[in-house]
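S.K.: this one's sequence-less:
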């Protein structure tokens, strides 16, 4: 008799059920039967069972092919997670690789970006030309030539080594290790800049003029010690607080037992206000305090105050010593809005226990500056980690098809004055030097690219009394300064 379509489908489903039961039973037998031939075949158990069933005419060829296809798909699905696990394991066991490249300097970095070494440096090739009756010689010279190695290790440790080879000498500038487990509280140890004066903290690669103001000679610059530092509230408040020898850089030991306490604090009161006009306002204060027992040539500035061209105008006499407390204080103002910046500082150093033979007294030297700067090509000023940053051209200069780079102009007023007693009591020779100087500086800077700068400065300086320069005296100084700079 003929089967209808429904009967044939039911019969087919029953057949598949019986086949699956038989496959299961034969599979179990194949696994436990000793000496079974299945153990010697490379084919899977399911494939061998299906071959046996078709050999005994239990399955048709069509049923065999359909079940074989289904068995292979199930085996593939089961093996996939194991392959993924194996692949992940192989990936983890692969050795880490490093990459090298150039990003404002050459670097080598691990694949996880946790460790990095940077090779940098700077070259400041200068010219100074004296105007008027100044007897000093015009000259080309290398103001700075430095090589630096810096980087980080496992994200938590940063370091920097920098050597200076400019002006015919060689010395170690920076050598420090920074522990930065927690960004708001970091520890810096080694030789680095003492936290005093915003202008001093600003890298000479990016200061607005070729030289810092004459008031900067009050700041201590680099020393050896340790310092805690960090930013709070997205750097709404930034602090630096440390202990130092209170001597000079690159000295194997301190000249006395006294140590200097130094601190600097910067507040950005409107950083998160959203008001563009005052968002870039920063107010700062800094100080140093320490007991000193030093001759004048052991001071941070060797007892000399000089102009941007290097002309000394106030120099401590031979035999002057300080045996007392040295205290510095300073106030800072920084305000940028768009492409314009106003910057100003006032600072003072009190030299307690200053001695010149039988004369002993306390004397002050104070100074300050105010500068205004503007980027003609629209670049914006930046301020980060308690100090001004660098200018990056919006359209770098290219000879064919590029922009013109960045152009910056600026002007600065500056002054320094010491107590009159420094002259009258012989601490400074009144026949050769003065106790005060005031000046003005004008400058224009061109940044063809972010790492190259060409500078042209003119500065004029007036001295309170005539100063000796060679065999003559001058009461003013006018100088043209130029610089070609590479900063990596």
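M.R.: The structure has been received and is ready for your questions. It should be emphasised that the depicted structure is a prediction, and the values quoted were computed from it without experimental measurement.
S.K.: residue ranges with poor pLDDT in the protein?
M.R.: Applying pLDDT under 70 to the chain flags the ranges 1-43, 77-96.
S.K.: could you redo the last one with a cut-off of 80?
M.R.: Judged by pLDDT under 80, the chain has its weakly predicted residues at 1-96.
S.K.: what comes up buried for stretch 406-422?
M.R.: Neighbour counts using 16 or more other C-beta atoms under 10 Å place 406-408, 410, 412, 414-419, 421-422 of stretch 406-422 among the buried residues. Bear in mind the C-beta positions are built from the backbone N, C-alpha and C, glycine included.
S.K.: residue 165 contacts residue 145, doesn't it?
M.R.: Yes: Residue 165 is within contact range of residue 145, at 4.5 Å (criterion: C-beta atoms under 8 Å).
S.K.: tell me the secondary structure for residue 455?
M.R.: strand (DSSP: H, G, I helix; E, B strand; the rest coil).
S.K.: what residues are bridge-paired with it?
M.R.: residue 445, residue 483 (DSSP bridges).
S.K.: quick one on the thing from earlier: for residue 390, state which of the buried residues of stretch 406-422 is nearest.
M.R.: Nearest to residue 390 among the buried residues of stretch 406-422, counting by C-beta to C-beta, is residue 406 at 10.3 Å.
S.K.: distance of the closest one relative to residue 383?
M.R.: Counting by C-beta to C-beta, to the nearest Å, the gap from residue 406 to residue 383 is 17 Å.
S.K.: now residue 308
M.R.: Per C-beta to C-beta, residue 308 is found 24 Å from residue 383.
S.K.: just residue 413 next, same as before
M.R.: Residue 413 is 22 Å from residue 383, by C-beta to C-beta.
S.K.: likewise residue 356?
M.R.: According to C-beta to C-beta, residue 356 stands 43 Å off from residue 383.
S.K.: over to residue 321?
M.R.: Distance of residue 321 to residue 383, given as C-beta to C-beta: 40 Å.
S.K.: who has more neighbours, the two?
M.R.: Using other C-beta atoms under 10 Å as the criterion, residue 321 and residue 383 rank with residue 383 on top: 22 against 19.
S.K.: for that one, list the residues it contacts.
M.R.: Taking C-beta atoms under 8 Å, 6 or more residues apart in numbering, we find residue 383 in contact with 268, 280, 282, 334, 336, 389.
S.K.: could you list everything it pairs with in the sheet?
M.R.: Beta-bridge pairing for residue 383 (DSSP bridges): residue 388.
S.K.: for residue 366, what are phi and psi?
M.R.: As for residue 366, its main-chain torsions (degrees, to the nearest 10) stand at phi -130, psi 160.
S.K.: one step back: can you select the buried ones from the contacts of residue 383 in PyMOL?
M.R.: Selection command for PyMOL covering only the buried members of the contacts of residue 383, criterion 16+ other C-beta under 10 Å:
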select buried, resi 268+280+282+334+336
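S.K.: got the buried residues for stretch 390-410?
M.R.: Neighbour-count burial for stretch 390-410, counted by 16+ other C-beta under 10 Å, picks out 390, 391, 393, 396, 404, 405, 406, 407, 408, 410.
S.K.: what does that stretch rub up against?
M.R.: Applying C-beta under 8 Å, 6+ apart, the contact partners of stretch 390-410 are 203, 205-206, 208-209, 371-379, 381-382, 442-450.
S.K.: show me those that map onto strands.
M.R.: Counting by DSSP state E, the contacts of stretch 390-410 place 371-375, 442-449 in strands.
S.K.: where do the strands of the stretch 251-400 of the chain begin and end?
M.R.: Under the criterion DSSP state E, counting those that start in this stretch, strands of the stretch 251-400 of the chain are mapped to 260-267, 281-295, 304-306, 312-315, 321-337, 340-356, 359-375, 383-384, 387-388.
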